[in-house]
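Novice: The following comprises the amino acid sequence and a computationally predicted model.
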Amino acid sequence: MRGLMVLLLVVALAGCGDGDATETGATEQFTQGGVSMEPTVKAGQVVTARTVTGAYEPRHGDIVLIRSPGGLWGDHQAPLLKRVVAVGGETIACCDTSGRVTVDGKALAEPYVAEDASLDDPPNPDHCGPRRFAAVTVPAGSVFVMGDNRARSNDSRCAGPVPVSSVSAVMVD
């Protein structure tokens, strides 16, 4: 699918956890295979991510590698790179009167969004077209993830929340 964020594992590097062995492990490098996270991560850019080795506590703004949980996410073998926008128990929607995404009724400041999707494009089975989506209460143990290049990202707007257990790594600076 065009615009789908596909990452290829390039090299596994030996590394040490950051002191919290229940959440992180070694670092790995991945090559970004698509444009859905631009401008933050460009197609072809190599990123470093810390492997999740135990219970991952998602944080707003984390850029995560996820394994496809199947269903509307498809059966991709390569991990997908997305940003955590909402976590379990929160309600996310788009849009407020200014066209911004809201979490629990509060508009998000998202300076990282490059090319936002149109508000009202008709649904398209090949990609997430419209920015507007109905309110979703994220289930416990899940995250709502979106690409930074909303006009070219398949993400939770169309495929729904992702189980936290599908997060395999968190990008490090």
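Specialist: Received, thanks. Residues are numbered from 1 along each chain as shown.

Novice: Just give me the neighbour total for Asn159.
Specialist: No, residue 159 isn't Asn; it's Ala. Using other Cβ atoms under 10 Å, Ala159 has 18 neighbouring residues. In short, each C-beta sits where N, CA and C put it, glycine included.

Novice: er, Lys106 actually
Specialist: 10.

Novice: what pLDDT does Thr24 get?
Specialist: Predicted confidence (pLDDT) for Thr24: 50.

Novice: now do the one 10 residues further on
Specialist: At Gly34 the predicted local confidence, pLDDT, stands at 86.

Novice: Surely it is in a strand?
Specialist: No - assessed with DSSP: H, G, I helix; E, B strand; the rest coil, Gly34 is coil; it does not lie in a strand.

Novice: ok, so what distance separates it from Gly105?
Specialist: Gly34 sits 32 Å away from Gly105, going by Cβ to Cβ, to the nearest Å.

Novice: okay, those two: which has more neighbours?
Specialist: Neighbour count, other Cβ under 10 Å: between Gly34 and Gly105, Gly34 has more, with 25 against 9.

Novice: Now that that one has come up, it's in contact with Ala43, right?
Specialist: Yes - Gly34 is within contact range of Ala43, at 5.9 Å (criterion: Cβ atoms under 8 Å).
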